[in-house]
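Novice: Any chance you can model this:
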Amino acid sequence: MTGPTCLSVTPGASRSHLRHATGHLTVRTIEQDADGARVGLIATRALLLSGDDVRIEVDVAPGAWLDVVEATGTVAYEGDAPSSWTIDADVGDGGVLTWAGMPFVVSDEIATHRGAHIRLHGTGKVLTQEKFVLGRAGQTGGDLSTSLDARDDTGPLQVEYLDLGRQARQMPGAFGNLRSMDTVTALGWTPEQFGEPDAGSTGPGETYFPLNRSGAVLRWMGIGRFRDELCDPTFEAWREEAMRAYRRRRTARRLRRGAEPRRGEDGHGPAGAVTASAAGQDVHQRSVAPSA
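Specialist: Below you'll find the predicted structure:
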């Protein structure tokens, strides 16, 4: 049995501490600084096969940031045994986790589930994007269910379970002949809707709704493959907003470092003062040296 893919990040003095363990997915570092990292997730084998149970465990320490990019889309292939993809994330106070998902395609003759359990602490923030496509070319897609259980120190932020099985999505007002769904979820703060498209202008349906507490969801539904021009720019705008406080903190730290004087060899006082003092001492010694 393959274990979970584990990923954690902690701020460091000059470079963050990034630790990971390979499961069905391996981690590749794209960018890294003192507070966090941007990483790519790459499958170590064909995914998602019948019976696969992919688990990803993420820990973002207080004050750290982590940007996760799925390198490619995922196909849930047909088979008798159900498959699943589960994310378990913990984000500390002041931490930021952003996750850009690629299309998750559900083949015919498969039952698959994609879920996430998220815990926020203090002023932590999470931003995710999930794209679902029912069926490969010429298919209508199997049974899909999705879930999100997001909580903070006070209690639930967003708890959702969607049954998009073949029977359920044919019920009136459910999903009908739609095949694509794109969802951007912000947790820990409530960003404004990015742009104001006319209803139905980007697809048969797009909905923005703020959560009862800190958070917001933008959901787009369409026919066929992804053609929406709404969720991708919204994710980018909300990610920039989520990272804004971190960027201010990083700029302030750089300014402080630039203003700090360089230390002398003994660690006390500016290096320039030590050099000047040593030079003065050398001049004084030369001025009192006995003549030949």
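Novice: Which parts of the stretch 151-292 of the chain are strands?
Specialist: 156-164, 180-187, 205-210, 215-222 (DSSP state E, counting those that start in this stretch).
Novice: between these, which gets nearest to Glu109?
Specialist: Comparing the strands of the stretch 151-292 of the chain against Glu109 with Cβ to Cβ, the closest turns out to be strand 156-164 (15.4 Å). In short, each C-beta sits where N, CA and C put it, glycine included.
Novice: Contacts for that closest one, please.
Specialist: 120, 132, 134, 143-151, 175, 181, 185, 187-188, 211, 213-215, 217 (Cβ atoms under 8 Å, 6 or more residues apart in numbering).
Novice: From those, list the buried ones, please.
Specialist: 120, 132, 134, 143-146, 148-151, 175, 181, 185, 187-188, 211, 214-215, 217 (16 or more other Cβ atoms under 10 Å).
Novice: which residues in the stretch 1-150 of the chain form strands?
Specialist: 5-10, 17-21, 25-32, 36-43, 53-60, 65-70, 74-76, 83-91, 96-106, 111-120, 125-134, 143-151.
Novice: Same list, these, but as CSV with distance to Leu162 please.
Specialist: Output for the strands of the stretch 1-150 of the chain, formatted as CSV (distance: least, Cβ to Cβ, whole Å):
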stretch, distance to Leu162
strand 5-10, 24
strand 17-21, 30
strand 25-32, 23
strand 36-43, 23
strand 53-60, 19
strand 65-70, 20
strand 74-76, 15
strand 83-91, 14
strand 96-106, 13
strand 111-120, 10
strand 125-134, 9
strand 143-151, 5
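Novice: Reformat these as a markdown table; add distance to Arg253 and mean pLDDT.
Specialist: Shown next, in a markdown table, are the strands of the stretch 1-150 of the chain (distance: least, Cβ to Cβ, whole Å; pLDDT from 0 to 100):
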| stretch | distance to Arg253 | mean pLDDT |
| --- | --- | --- |
| strand 5-10 | 16 | 97 |
| strand 17-21 | 17 | 96 |
| strand 25-32 | 16 | 96 |
| strand 36-43 | 13 | 96 |
| strand 53-60 | 19 | 98 |
| strand 65-70 | 14 | 97 |
| strand 74-76 | 38 | 96 |
| strand 83-91 | 21 | 98 |
| strand 96-106 | 16 | 95 |
| strand 111-120 | 24 | 98 |
| strand 125-134 | 19 | 96 |
| strand 143-151 | 30 | 97 |
